[in-house]
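# Sequence and predicted model, in that order:
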Amino acid sequence: MTSASVPTKDRFDVLVLGGGTAGSNAAQAACEAGASRVGMIYTPEMFNTCVQEGCMPSKSVLASSTQGHPFSEAIYRKDVHLTRLARALKGKMQRAPYALIEGSARFLPGPEGVEVTHEGKVRHLCARNYVIATGAHAWVPPIEGLERLPSGQVLISDDIVGIETLLGEAPKRLLVLGGGPIGLELATFFARVETEVLVVDISGLLEPFDPEFGQARLRALRATPHMDALVPGELQSVTDTANGVLCRIAHKGTLLERCVDRLLIAIGRKPNIETLALENAHVRVENSTIWHDEHLQTSNPQIYVAGDVVNHHQILHYAAEMGRVAGINAARSEPTMAMDYQKNALAVTFDEYPSALIGLTEKEAKAQGYDVISATQDLSSLGVGILEDLPWGLWKLVADQAEGRILGSQIFGPSSAPELIHLLAPILYYRGTLQDIVHMTWYHPTYAELLRSLARKLCSETGIECPGA
Ligand SMILES: Cc1cc2nc3c(=O)[nH]c(=O)nc-3n(C[C@H](O)[C@H](O)[C@H](O)COP(=O)(O)OP(=O)(O)OC[C@H]3O[C@@H](n4cnc5c(N)ncnc54)[C@H](O)[C@@H]3O)c2cc1C
Ligand SMILES: NC(=O)c1ccc[n+]([C@@H]2O[C@H](COP(=O)([O-])OP(=O)(O)OC[C@H]3O[C@@H](n4cnc5c(N)ncnc54)[C@H](O)[C@@H]3O)[C@@H](O)[C@H]2O)c1
């Protein structure tokens, strides 16, 4: 069948492949940008990573473990939360202004459109433009002996916080491979339910923060009950033994041996592109990544890309914004919107002592040529830190000396760090300065009031004129 013979009902202005955050934002934005017929192809059982196996269930188990719930109860509560959230999201989707098409899509040669398969039935659809928003999946690296371990001993995050949890109870000993956000959040959860957790990461756990934050984070991780961190470390081989899985880990020039009951692999997520038949659509792929420009347009000008499938910035608010940019561009005859990654620079990790950053780090600001000034203060010796017995904590403010403009900030330590960082969002958005922060009113005693101390310190150290500083 050629695209010319596709019935009118199966012809679209814009077709979006994937129904997660990026896909639904792309479809919505395409409608709002004036596309007359927009369709979103989605897989009904697993349609949204954030709600069904990502942000929300992982935060559910973290919240339950903070409240002292044991493992099985945390998983039960996760299932209740996940069901409620997925039902609400499906309800919202039903009211969407675009067509919902169930199934899995692949490009046809030509491209003559896409083939959508659902419950054994195949449909041929075509569109003027397409958005690929098919997400990403956890991957397991080739490690000697891994493929010989009994099934269920090697887990990925979906097996714990996904739709179906594979574990009936918490393992006594767990090795978490990868100390990124997924590894550390789930390591935190398991440590709180009293699993002995060993975190192994090939790099120093410093990115994307400035080095002093990475180091403080690592110190805190090592001091967390039931948690150990071999960083940097490399898992070289695994063997099934009577005492569990024997792991051989290269760490600081020595080869360590540790036995654990399970392994959790969290070393990143790869784009879902294998089944899309991208070669049919002449979409260039380099190193498993779809090539795209700043408009999120691929090497085929009819096809855009958004969300985790781009293989960088795999965070929800970026997925939403990329979806919006790709959807608007796909609705128009020429792409007009570019993706602004800097405007969206906000990252949070929810480990035992959370870290959060907004805007530029000091090293990024220097690399961009700013005349950088920065101040960092310990939060554990601040009034509230003392009252709350906060063992660790740092807050850093990065500014441009020329105008005193705030460029970025990083916080580590207090459980409210993920919320506190948002205080800086309007300040950065409105290009606020050190003087603005000094003039604002801050309540005492709070962590937030430290921002004024940091701003005052920078004004007085650098001679920036600031009445009251
Ligand atoms: C454990 C975990 C915790 C996380 N926590 C956070 C957090 O706290 N904060 C944060 O900002 N981010 C977090 N993230 C990241 C966040 O979940 C993702 O960035 C975001 O959900 C990506 O959205 P997406 O639309 O790109 O992909 P998805 O939501 O995965 O949507 C892609 C959809 O496309 C479908 N699909 C795939 N192939 C096809 C095909 N051929 N045809 C049709 N459909 C197809 C998939 O089934 C899927 O439903 C977390 C991720 C994980 C895994
Ligand atoms: N709080 C949040 O915003 C949040 C939470 C969860 C996930 N996410 C997003 O999901 C995506 C995937 O998260 P992730 O933690 O799986 O990946 P990641 O890429 O962020 O981190 C992977 C970690 O594994 C390490 N690593 C890589 N190969 C290794 C190996 N062979 N052995 C040991 N360590 C190795 C890396 O050094 C890195 O520290 C990320 O983009 C992340 O931002 C965000």
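Alright, I've got the coordinates. Numbering: from 1, shown residues only. Ligands and ions are numbered 1, 2, ... in the order given.
# Residue 85 touches residue 56, doesn't it?
Yes: here residue 85 reaches residue 56: they are 5.6 Å apart, a contact under Cβ atoms under 8 Å. Using the backbone N, CA and C atoms, a C-beta is placed for each residue, glycine as well.
# Looking at the two, which one has more neighbours?
Between residue 85 and residue 56, counting by other Cβ atoms under 10 Å, residue 56 is the more crowded of the two (21 against 17).
# Quick check: the more buried one touching residue 83?
No: checked against Cβ under 8 Å, the pair residue 56 and residue 83 is beyond contact range at 11.2 Å.
# quick one, phi/psi of the residue in the stretch 301-450 of the chain positioned nearest to ligand 1?
Proximity of the stretch 301-450 of the chain to ligand 1 (Cβ to the nearest ligand atom) peaks at residue 307, 2.3 Å away. Dihedral pair for residue 307: phi 90, psi -160, per degrees, to the nearest 10.
# so who does it touch?
Shown in contact with residue 307 (Cβ atoms under 8 Å, 6 or more residues apart in numbering): 18, 20-23, 133-135, 318-319, 322-323.
# one more time with 6 Å
Residue 307 is in contact with 22, 133, 319, 322, counting by Cβ atoms under 6 Å, 6 or more residues apart in numbering.
# Count the neighbours of the first one for me.
This means residue 22. By other Cβ under 10 Å, neighbour count at residue 22 equals 34.
# Distance-wise, check it relative to residue 280.
Distance, residue 22 to residue 280, by Cβ to Cβ, to the nearest Å: 22 Å.
# now do the last one
Going from residue 322 to residue 280 by Cβ to Cβ gives 23 Å.
# Have a look at these two and say which one is more surrounded.
Comparing residue 322 with residue 280 by other Cβ under 10 Å, the one with more neighbours is residue 322, at 29 against 16.
# ok, the closest residue to that one other than its chain neighbours - contacts?
Once flanking residues are discounted, residue 322 sits nearest to residue 306: 3.9 Å by Cβ to Cβ, 6 or more residues apart in numbering. Counting by Cβ under 6 Å, 6+ apart, residue 306 touches 22, 26, 131, 133, 296, 322-323, 326.
# confidence score at residue 306?
On the pLDDT scale, residue 306 is placed at 98.
# Same check on the one 10 residues further on?
Reading off the confidence values, residue 316 has pLDDT 97.
# Then residue 1?
Predicted confidence (pLDDT) at residue 1: the value is 52.
# Show me the shaky parts of the stretch 151-300 of the chain.
206 (pLDDT under 70).
# interface residues of it facing ligand 1?
Within reach of ligand 1 by Cβ under 6 Å from any ligand atom, the stretch 151-300 of the chain has these residues: 157, 161, 182, 272, 275-276.
# Can you tell me the closest non-neighbouring residue to residue 267?
Residue nearest to residue 267 in three dimensions, not counting chain neighbours: residue 178, with 3.9 Å by Cβ to Cβ, 6+ apart.
# So which residues on the protein come close to ligand 2?
141, 177-183, 185, 200-203, 235, 266-269, 314-315, 348-350.
# Among those, which ones are in strands?
Judged by DSSP state E, the residues of the chain next to ligand 2 include 177, 200, 235, 269, 348-349 as members of strands.
# which strands and helices sit next to the strand of greatest length in the chain?
Longest strand in the chain, counting residues (DSSP E): strand 121-132. Strand 121-132 sits against strand 11-17, strand 114-118, strand 303-305, helix 316-331, with contacts defined as 3 or more Cβ pairs under 6 Å, 6 or more residues apart in numbering; DSSP states H and E.
# Nearest to residue 71 among the ones you listed would be which one?
helix 316-331 (26.0 Å; Cβ to Cβ).
# Give me the buried positions along that closest one.
316, 318-331 (16 or more other Cβ atoms under 10 Å).
# and if you look at stretch 414-426?
Using 16+ other Cβ under 10 Å as the test for burial, stretch 414-426 gives 414, 416-418, 420-421, 423-424.
# hmm, back to that, could you check the angle strand 11-17 makes with the longest strand of the chain?
Interaxial angle of strand 121-132 relative to strand 11-17 (axes from the mean of the first three to the mean of the last three Cα atoms, to 10 degrees): 80 degrees.
# returning to that earlier point: what subset of the contacts of residue 307 is also close to ligand 1?
Among these, the ones lying close to ligand 1 by the criterion of Cβ under 6 Å from any ligand atom are 22, 133, 319.
# Figure out how far stretch 107-122 is from the centre of its chain.
Distance, stretch centre to chain centre, for stretch 107-122: 30 Å (Cα atoms, centre = their mean, to the nearest Å).
# Over to that stretch now: how far is its first residue from its last?
13 Å (Cα to Cα, to the nearest Å).
# before we move on, what about stretch 104-113?
Across stretch 104-113, first to last residue, Cα to Cα, it's 13 Å.
# how about that stretch, does it reach ligand 1?
Yes: residues of stretch 104-113 contacting ligand 1 under Cβ under 6 Å from any ligand atom: 104-105.
# avg pLDDT for that stretch?
90.
# Sort out which residues of it are buried, please.
Neighbour counts over stretch 104-113 (16+ other Cβ under 10 Å) mark 104-105, 107-108, 111-113 as buried.
# Closest one of the residues you listed to ligand 2?
Of all the buried residues of stretch 104-113, residue 104 has the smallest distance to ligand 2: 22.5 Å, by Cβ to the nearest ligand atom.
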